[in-house]
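[1] Predicted model and sequence below, questions to follow.
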Amino acid sequence: MNTPSESHPHPNWTPTPIRTSWDDLLKGVETPGDWTRRRADIKARFLDLIRDRAAPFPPNQLDFKVEREWDAGDFRIQYVSYRVEEDERAHAYIGIPETAVPENGFPGVVCLHGTTNWGARRTLGLPPEPDDPEADKGGVNGKDFARQLVRRGYVTISPEHFCSAARAPAEGPYQTAAFYRKHPEWSAVGKYVFDSRIACTVLTDREDVDASRIGVTGHSLGGQGSIWLAAVDDRIRCVVPSCSASTFRENPEPLHWSRDYWYIYFPQLREEFLAGRQVQCDFHEMLALIAPRPLLERFALNDGDPTGQAHRVILHLKLTELYRLLGNESAHAFLVFGDGHFIPDLSSVTMLSWMDRWLKHEGEPLGAWDSTLTPTT
């Protein structure tokens with residue numbers, strides 16, 4: 001490698017290549033056409049990972065019902081239910097701006113909560129149910145992201161996770177044993193994606209929502225859910241996950257994904273991990289399924305293993321190559337901070353700005369700092 005000298009201070013030189021776990025993403029991919037073929041293969045592997053083949057047919061009629069509606073001060077909230085399987089109903093909170101409906105409708109956002117029993121309520125800043133001793137006040141640590149969005153002119157839907165709140169199983173919230181008794185060949189992730197897609201349909205079916213401007217955001221389990229939903233549902237036009245979990249390849253404790261108790265994501269992977277085999281679809285490929293749609297991932301270097309999070313930074317450098325190949329490099333970004341498994345103001349403000357840019361302003365860069373982006377609690 002050449003080194004600078006007084007006579008030639010700026011010589012041409014080639015940086016040392018970075019070899020990473022994520023290089024297989026674009027191996028052999030030189031053109032957008034190559035990527036189209038690779039993407040079809042990745043999506044097939046992802047659907048196999050979540051055992052999509054075992055999913056039931058969606059119900060013909062959602063039988064949507066507004067169970068309760070009330071004024072939350074500067075916006076309205078509906079607590080709704082709808083059918084997700086012929087013998088099963090889901091529940092969600094819908095946030096509706098009080099302002100006049102725009103000509104083409106409001107943009108909409110699916111808001112996915114983390115592993116708190118009444119987490120869907122928290123996204124709108126609501127207090128927990130009185131019989132939930134483990135939950136804290138809504139809105140803590142920026143987890144009232146649906147409230148922040150609806151105040152900025154978005155209709156939001158915050159579905160309750162399929163094993164929490166109104167559908168918490170007898171064994172307790174986030175226990176998946178009952179689900180696997182009912183659907184032994186499916187996966188909890190497949191069910192999560194299935195239900196999230198129906199929640200998206202509830203949102204796009206609304207007369208006050210512009211179905212061409214739909215985003216998704218979520219924290220922790222909801223961050224992962226945001227990625228998984230967008231990976232299979234092209235109606236999602238903007239994706240902003242927060243603090244999703246470590247990848248498979250660079251995870252010091254991969255059995256987290258296939259433990260044999262509590263919330264079991266992928267039961268079939270336990271044998272693969274114990275044998276040291278590579279999973280057929282990892283997070284760099286799941287995230288790549290979103291491209292070239294706008295993606296902003298937010299995570300902390302001190303959320304779990306720092307080395308694993310450093311690998312996530314490098315993962316995003318590989319995704320940048322993909323977005324560049326597809327001609328939409330400005331639609332990909334990531335934010336790294338040091339606040340652990342939380343949503344600091346920096347993260348909240350960045351999420352709001354990104355949603356506004358891509359769902360309200362057609363991708364145009366926003367101007368100077370806007371104080372109205374500051375989250376409210």
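    Right, received. Where do you want to start?
[2] what residue lies at the spatial centre of this protein?
    residue 226 (1.6 Å; Cα atoms, centre = their mean).
[3] Give the buried residues for stretch 28-42.
    Using 16 or more other Cβ atoms under 10 Å as the test for burial, stretch 28-42 gives 29, 35, 38, 39, 42. C-beta coordinates here come from the backbone N, C-alpha and C atoms, glycine included.
[4] Return the closest of these with respect to residue 97.
    residue 39 (35.4 Å; Cβ to Cβ).
[5] any idea which helix or strand carries the closest one?
    In the assignment (DSSP states H and E), residue 39 maps to helix 32-49.
[6] Give the next helix or strand downstream of that helix.
    Downstream of helix 32-49, the first helix or strand assigned by DSSP H and E is strand 65-71.
[7] Could I get the buried residue list for that following strand?
    Across strand 65-71, burial judged by 16+ other Cβ under 10 Å covers no residue at all.
[8] next SSE after it?
    Once strand 65-71 ends, the next helix or strand along the chain (criterion: DSSP H and E) is strand 75-85.
[9] Show me which residues of that following strand are buried.
    Buried residues in strand 75-85, defined by neighbour count with 16+ other Cβ under 10 Å: 75, 77, 78, 79, 80, 81, 82, 83, 84, 85.
[10] mind checking how far it is from the chain centre?
    With Cα atoms, centre = their mean, to the nearest Å as the basis, strand 75-85 stands 20 Å off its chain's centre.
[11] angle of it against strand 65-71?
    If you take axes from the mean of the first three to the mean of the last three Cα atoms, to 10 degrees, strand 75-85 sits at 170 degrees to strand 65-71.
[12] tell me which strands and helices the very next helix or strand once past strand 75-85 is in contact with?
    For strand 75-85, the following helix or strand on the C-terminal side (DSSP H and E) is strand 88-97. Judged by 3 or more Cβ pairs under 8 Å, 6 or more residues apart in numbering; DSSP states H and E, strand 88-97 is in contact with strand 75-85, helix 119-123, helix 145-150, strand 155-159, helix 188-204.
[13] Out of the ones you listed, which is closest to residue 68?
    Closest among the helices and strands packed on strand 88-97, using Cβ to Cβ: strand 75-85, at 4.4 Å.
[14] Give the other helices and strands that that closest one contacts.
    strand 65-71, strand 88-97, helix 188-204.
[15] Generate a markdown table for these, with distance to residue 236 and mean pLDDT as supplementary columns.
    Formatted as a markdown table, these follow (distance: least, Cβ to Cβ, whole Å; pLDDT from 0 to 100):
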| stretch | distance to residue 236 | mean pLDDT |
| --- | --- | --- |
| strand 65-71 | 24 | 98 |
| strand 88-97 | 16 | 98 |
| helix 188-204 | 7 | 98 |
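[16] Now tabulate those in JSON lines and tack on distance to residue 165.
    JSON lines is the format used below for those (distance: least, Cβ to Cβ, whole Å):
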{"stretch": "strand 65-71", "distance to residue 165": "13"}
{"stretch": "strand 88-97", "distance to residue 165": "7"}
{"stretch": "helix 188-204", "distance to residue 165": "13"}
